[in-house]
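Colleague: with the input below, show me the fold.
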Amino acid sequence: MTAETGPIRFGVIGCGIIAYWAHLRELRHLKNAILVAAADPDAGARQRASRLAHVPVYEHSDELLQRDDIDAVVISAPTHLHAQLAVAAAKARKNFYLEKPIAATAQDAHCVIAAAQEAGVSAAIGFNRRVHPLFEQARALIAAGRIGRIRAVLSTFCEPASPDLVPVWKRQRLTGGGVLLDLASHHVDLVRWFLNCEATAVDARLSTEISEDDSAWLRLSMADGTEVSSFFSFRAGLADFLEFIGERGTLRVDRHRRSLSVRIGRRLGYGVKNHLSFPGREVLAYQMVRLLRPSYDPSYRCALSAFVELLHGGERRLASLHDGLRSLQTVLAAEESARTQRPMTLASA
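Modeller: As a prediction, this is how the structure comes out:
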């Protein structure tokens with residue numbers, strides 16, 4: 001699709017937790033973006049969205065997609081509806097920003113990609129950590145060789161939640177639930193992005209305690225020889241970090257901390273020391289806001305802003321549909337590994 005001109009007119013499909021706390025709020029204040037309408041089948045979600053955004057909120061998404069004053073949609077519905085809604089958006093000639101994962105099955109993911117290509121629309125997957133200032137700084141340091149060649153990666157992503165507060169669809173894999181699709185898909189994408197390298201094999205173990213697949217242990221083998229060990233859970237304390245072990249030192253990026261931790265070996269004597277790295281303007285701005293708002297996360301606004309820039313003909317900073325497919329393929333291989341209790345080889349990208 002040719003680059004859009006003027007402000008991008010948005011619709012939001014799915015007004016649940018992420019849309020309420022992020023997308024609906026950010027789009028109202030985003031430069032070069034206008035929130036036009038929203039849609040959700042749940043009456044309560046519609047009421048909350050209407051009170052917050054002061055725009056028409058439809059029960060059916062096709063009512064929103066039929067509007068000719070909408071250029072793009074943000075799709076933040078339950079996972080098992082992602083493909084259906086993305087294909088409908090493409091057929092309506094709407095650009096779309098699709099929350100991760102791209103779909104619940106590989107077949108559905110391929111349908112999304114085919115529909116977007118046929119319609120000629122622009123699309124992105126909501127792996128928003130890619131444009132978090134702290135994560136961008138970490139990637140730049142790794143690319144610059146600050147800790148040397150990466151030998152291993154340790155990662156953990158845990159989001160504890162009371163079973164009573166977890167949406168019904170998140171409790172079953174059939175409707176897109178489980179930690180692999182919901183949490184691990186983020187880190188699988190980030191590892192590829194940080195290392196600029198594909199996973200070649202996956203070994204996984206799943207545990208079901210209260211909801212289906214609510215904890216997972218994952219090991220990835222990367223094409224460059226790096227080994228990745230990860231833990232994901234809805235039953236453990238809040239955590240979201242990746243630690244890179246390099247030949248010269250370690251780098252840790254933690255979504256719940258204001259700054260990176262970079263440690264390198266001492267030149268004289270035994271031990272390690274902090275490596276000073278001066279943050280750029282975006283990181284400094286993020287750190288200043290975090291002083292006043294400890295839970296502040298700029299990545300949702302940054303991601304939507306990057307999508308607007310993409311629609312205006314700018315460079316792609318967000319994950320593509322093919323990135324979404326690769327993440328899903330790794331998750332599906334992990335599920336198969338857990339089922340068969342053996343490692344799975346991943347096909348070349």
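Colleague: show me what contacts the closest residue to Leu220 other than its chain neighbours?
Modeller: Here the nearest residue to Leu220 in space, its sequence neighbours aside, is Val228; by C-beta to C-beta, 6 or more residues apart in numbering that works out to 4.0 Å. Any C-beta I mention is one placed from the backbone N, CA and C, and that applies to glycine too. Listed by C-beta atoms under 8 Å, 6 or more residues apart in numbering, the contact partners of Val228 are Ala152, Val153, Leu154, Ser155, Val191, Ala199, Leu218, Arg219, Leu220, Ser221, Met222.
Colleague: in a strand, Val228, correct?
Modeller: Yes. Counting by DSSP: H, G, I helix; E, B strand; the rest coil, Val228 is part of a strand.
Colleague: measure His54 to Arg146 for me?
Modeller: Per C-beta to C-beta, to the nearest Å, His54 is found 47 Å from Arg146.
Colleague: mind listing the strands for the stretch 201-349 of the chain?
Modeller: Here the stretch 201-349 of the chain has its strands, by DSSP state E, counting those that start in this stretch, at 215-222, 227-233, 239-246, 249-254, 261-265, 272-274, 344-345.
Colleague: what about those, which gets the closest to Ser185?
Modeller: strand 227-233 (9.6 Å; C-beta to C-beta).
Colleague: roughly how far out does the closest one sit from the chain middle?
Modeller: 16 Å (C-alpha atoms, centre = their mean, to the nearest Å).
Colleague: in its sheet, which strands sit next to that strand, and in what direction?
Modeller: strand 150-158 (parallel), strand 215-222 (antiparallel) (DSSP bridges).
Colleague: got the angle for the first one vs strand 239-246?
Modeller: Comparing the axes of strand 150-158 and strand 239-246 via axes from the mean of the first three to the mean of the last three C-alpha atoms, to 10 degrees yields an angle of 170 degrees.
Colleague: contact partners for the most centrally placed residue in the chain?
Modeller: Computing the C-alpha centroid of the chain and ranking residues by C-alpha atoms, centre = their mean puts Phe127 first, at 2.3 Å. Residues near Phe127 by C-beta under 8 Å, 6+ apart: Lys100, Ser185, His186, Asp189, Leu190, Trp193, Leu318, Ala319, Asp323, Gly324, Ser327.
Colleague: can you tell me the average pLDDT over stretch 226-240?
Modeller: Stretch 226-240 shows an average pLDDT of 97 in the prediction.
Colleague: how far does it sit from the chain's center?
Modeller: When distances are taken as C-alpha atoms, centre = their mean, stretch 226-240 is centred 15 Å away from the chain's centroid.
Colleague: before we move on, what about stretch 189-205?
Modeller: Centroid separation between stretch 189-205 and its chain, computed with C-alpha atoms, centre = their mean, is 14 Å.
Colleague: stretch 244-253 now?
Modeller: 23 Å.
Colleague: and that stretch, which residues are buried?
Modeller: Phe244, Ile245, Gly246, Gly249, Thr250, Leu251, Arg252, Val253 (16 or more other C-beta atoms under 10 Å).
Colleague: what separates stretch 172-182 from the chain centre, distance-wise?
Modeller: Centroid separation between stretch 172-182 and its chain, computed with C-alpha atoms, centre = their mean, is 15 Å.
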